[in-house]
Each structure stands twice: as C-alpha cells, then as structure tokens.
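Asks: mind looking at a prediction? Sequence and model below.
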Amino acid sequence: MKALVGVDRVPKPAYFIYRSCLGPVRVHLRCDRLKAYEGEQLEIEVWLLNDTANALENCRILATLRDEAGDYGHYELPAESVPHTASKYAGTIRFT
C-alpha cells in the first residue's frame, strides 16, 4: 500500500515532495516525446495553472534547457491573463 503518512502519523519523505508541488500558481511543460536526437526539432507546450482567487495579469514565462554539461538555450514567452482557478495555454517552445 502506498501512502504519504505512516501508520504512526509521521509524514513519509514523499509527503514533503508532494506538498511542494501544490503551489497555487504553476507552469506545466508538456511534450509527447520521450527521446530526441541531434538536429530534430522539439515542441514543448507551456500551460499556466492558476489555483488562486485572483486573475494573473502580465505573466512572462522564462525557461532554460540544460543538462549536467551546460545550458542549450533560453526561452521567453509572454502570456495573456489567466482567470482565477483556471488553466490556460501560454504557447509552444520550439528548439533544435
């Protein structure tokens, strides 16, 4: 059985990871690809998730593609307002 809290009511380590993922404003990056090869173009959808009671205005999303060796690219997407308790497609990041 999988649980976030043990029988003695002490939180397991996964609880703290889960709790940190529950921020009221999130950026979700979605890509259907599991692998990429050099020279291919990848597209990543960017979604804004707003679980607050207020609309988000004048948002800007900054993303960096990197690995252990270094950075490969920086991307910036302006986003329109996001209504309260809603999600909205912000755009697509395309890179090669």
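Replies: Perfect, I can see it now.
Asks: quick one: the residue most central in space within the chain and Asn54, what's the gap?
Replies: For the chain, the residue whose C-alpha lies nearest the mean C-alpha position (Cα atoms, centre = their mean) is His28; its distance is 3.0 Å. According to Cβ to Cβ, to the nearest Å, His28 and Asn54 sit 19 Å apart. C-beta: built from backbone N, CA, C; applies to glycine.
Asks: give me the mean pLDDT for the helix or strand containing Ser87.
Replies: Ser87 belongs to strand 86-95 when assigned by DSSP states H and E. For strand 86-95, mean pLDDT is 90.
Asks: which parts of it are buried?
Replies: Going by neighbour count (16 or more other Cβ atoms under 10 Å), the buried part of strand 86-95 is 88, 90-91, 93.
Asks: part of a strand, is Ile17?
Replies: No - applying DSSP: H, G, I helix; E, B strand; the rest coil, one finds Ile17 to be helix, outside a strand.
Asks: ranges for the strands of this protein?
Replies: 25-30, 42-50, 59-66, 71-79, 86-95 (DSSP state E).
Asks: okay, those in TSV with distance to Ile17 next?
Replies: Output for the strands of the chain, formatted as TSV (distance: least, Cβ to Cβ, whole Å):
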stretch	distance to Ile17
strand 25-30	14
strand 42-50	18
strand 59-66	21
strand 71-79	25
strand 86-95	22
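Asks: closest to Tyr15 out of those?
Replies: Nearest to Tyr15 among the strands of the chain is strand 25-30 (18.5 Å), distances taken as Cβ to Cβ.
Asks: ok, and for that closest one, which residues are buried?
Replies: Buried residues in strand 25-30 (16+ other Cβ under 10 Å): Val27.
Asks: packing partners of that strand?
Replies: Helices and strands touching strand 25-30, by 3 or more Cβ pairs under 8 Å, 6 or more residues apart in numbering; DSSP states H and E, are strand 42-50, strand 86-95.
Asks: and Ala36, what does it touch?
Replies: For Ala36, the contact set (Cβ atoms under 8 Å, 6 or more residues apart in numbering) comprises Leu42.
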